[in-house]
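Novice: Have a look at this fold, sequence not included:
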């Protein structure tokens, strides 16, 4: 009798697809913006960055490296589409 099992990266790939259709991402950005406005932390961040501008360059570099890493992992997962294996 044959059984089917999911490959190890299938759930991670599905979560990335689910979160990339726009609505959940927009909700996160809106909630963060509202939180920054309510608490006033946005002004504290702006004053910190004007005092230490090198931090902004490091944040941007870290963000770009993170995005490149996520894209490469997602491309690797799509190339190894092993969503369903049949085993005896």
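Specialist: Alright, I've got the coordinates. It should be emphasised that the depicted structure is a prediction, and the values quoted were computed from it without experimental measurement.
Novice: ok, longest helix in this structure?
Specialist: Longest helix in the chain by number of residues, with DSSP state H as the criterion: helix 54-79.
Novice: Remind me what that one packs against, helices and strands.
Specialist: Helices and strands touching helix 54-79, by 3 or more CB pairs under 8 Å, 6 or more residues apart in numbering; DSSP states H and E, are helix 10-19, helix 41-51. No exception for glycine: its C-beta is placed from N, CA and C like everyone else's.
Novice: Considering the ones you listed, which stretch scores lowest in mean pLDDT?
Specialist: Mean pLDDT values for the helices and strands packed on helix 54-79 show the minimum at helix 10-19, a mean of 66.
Novice: For the longest helix of the chain, give the mean pLDDT please.
Specialist: pLDDT averaged over helix 54-79 gives 83.
Novice: what's the neighbour count on residue 26?
Specialist: Residue 26 has 9 neighbours, counted by other CB atoms under 10 Å.
Novice: what's the pLDDT at it?
Specialist: Residue 26 is given a pLDDT of 72.
Novice: tell me which element it falls in.
Specialist: Assigned by DSSP states H and E, residue 26 falls within helix 23-39.
Novice: how far off helix 41-51 does the longest helix of the chain point, in degrees?
Specialist: Relative orientation of helix 54-79 versus helix 41-51 (axes from the mean of the first three to the mean of the last three CA atoms, to 10 degrees): 110 degrees.
Novice: Could you check the pLDDT of residue 5?
Specialist: Note on residue 5: pLDDT of 62.
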